[in-house]
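Okay, sequence plus prediction incoming.
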Amino acid sequence: MSKIFLTDTTLRDGSHTVSHQFTLEDAAQIAGGLEAAGIDIIEIGHGDGLIGSTINYGFGRHDDFSLISAAASQLTKSKLAVLLLPGIGTVEALKMAQKAGAKAVRIATHVTEADMGEEHVKAAKDMGLFVVGFLMMAHMTDAERLTEEALKFESYGADVVYATDSGGAMLPEDVFEKISSLKKNLKIPVGHHAHNNLGLAVSNSLTAIEAGATYIDGCLSGLGAGAGNTPTESLIAVLNKMGYEHNGDLYKAIDASEKILIPSLNNKGLKVNSQLDAMILGYAGVYSSFLLHARRAGQRFGVDVRDILMEAGRRKAVGGQEDWLIEIAVELANQKSK
Ligand SMILES: CC[C@H](O)CC(=O)C(=O)O
Ligand SMILES: [Mn+2]
């Protein structure tokens, strides 16, 4: 099984969810949390890409370059990326983004218009950036045409090409057919970016991986335009369960969501309650009704609810054994105090 590289776009696609109102503090803290969670590529900027802050798309609270600098100040390992839509973003803006700390760029064109990105891909390669060709609205054409367009990006020098499901409209078989065709015909790695509009984002991401994609996008807490993107935390949990190699850290991704992103969303008046501990039920394979009991036991004994559920899973606890959760919490608390 090939290694999977994770791109998180909370600070770019997720920016649509907050009408592009992330603060510089959000940028720094979320980027720091994502790096701690082992995310390979962190995308940042206005939701509509570099220089997207306009009357047409909506003004951002900060310009892209200030956001990039704030995030870059926290990073030593993860690559900071920007999105550039030719016609909106310019090579000049890309140079400024690089100066501010961007190390990668995703050049986004409509799925049948890769040639619009030729100049930008070549300029970005000359600048020494890691370059992704990002073919948007991939559901609107067939696998053959998508592959022709992807081959253009490859010929311009892109390092990776994406089939981007901008409308969240692709069915699993569509994802499989398109990614398989890219995988078969390209020399460079293939990526997938899903939207959850049909509730298929995680499963389509997995289908893309099965078909050979090795670059997969997510957003913390499933933020993102429309119904959001693949939740980064769920993606990591499922990859772990399936035994894929990747650099992500599940608990740290959940922490970045719960401790950094969600409080910032709540401060902006978006009332979001974290239910991420519920994901651990599926990860550990325990009864869903254990959640409230584990939360209570965790609070009572000062133990992480995730550790209680993971241990219950290891012990193969089943319904009716709710009291075991208390015992586990006490044991974990004792271990902690040693
Ligand atoms: C307008 C750019 C767009 O949000 C890029 C993207 O993430 C997508 O097409 O899904
Ligand atoms: Mn998107």
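Here it is on my side, so go on. Ligands and ions are numbered 1, 2, ... in the order given.

residues touching the closest residue to ligand 1 within the stretch 101-250 of the chain, list them.
Using C-beta to the nearest ligand atom, residue 166 is the residue of the stretch 101-250 of the chain that sits closest to ligand 1, at 3.1 Å. All C-beta spots, glycine's among them, are computed from the backbone N, C-alpha and C. For residue 166, the contacting residues are 136-138, 193, 195, by C-beta atoms under 8 Å, 6 or more residues apart in numbering.

Okay, and which of those map to strands?
136, 193 (DSSP state E).

Out of the contacts of residue 166, which comes closest to residue 269?
residue 195 (23.5 Å; C-beta to C-beta).

And the pLDDT at the residue lying closest to residue 87 once chain neighbours are set aside?
Nearest non-adjacent residue to residue 87, counting by C-beta to C-beta, 6 or more residues apart in numbering: residue 116, 6.9 Å away. Per-residue confidence (pLDDT) for residue 116: 98.

Residue 116 should be in a strand, yeah?
No. Using DSSP: H, G, I helix; E, B strand; the rest coil, the secondary structure at residue 116 is helix, not a strand.

Distance of it relative to residue 156?
11 Å (C-beta to C-beta, to the nearest Å).

ok, those two, which is more surrounded?
More neighbours surround residue 156 than the other of residue 116 and residue 156, with 20 against 15 (other C-beta atoms under 10 Å).

The residue lying closest to the more buried one once chain neighbours are set aside and residue 172, how far apart?
With sequence-adjacent residues excluded and distances taken as C-beta to C-beta, 6+ apart, residue 156 is closest to residue 121, at 4.0 Å. With distances taken as C-beta to C-beta, residue 121 is found 30 Å from residue 172.

Of those two, which one has the most company?
The residue with more neighbours, out of residue 121 and residue 172, is residue 121; 27 against 15, by other C-beta under 10 Å.

neighbours around the nearest residue to residue 313 once chain neighbours are set aside, how many?
Take residue 313 and drop its neighbours on the chain: the residue closest to it by C-beta to C-beta, 6+ apart is residue 284, 2.9 Å away. Number of residues near residue 284 (other C-beta under 10 Å) recorded here: 22.

what do you get for residue 54?
Here the number of neighbours of residue 54 (other C-beta under 10 Å) works out to 12.

got a list of what it touches?
With contact set as C-beta under 8 Å, 6+ apart, residue 54 has these partners: residue 88.

Sounds good, over and out.
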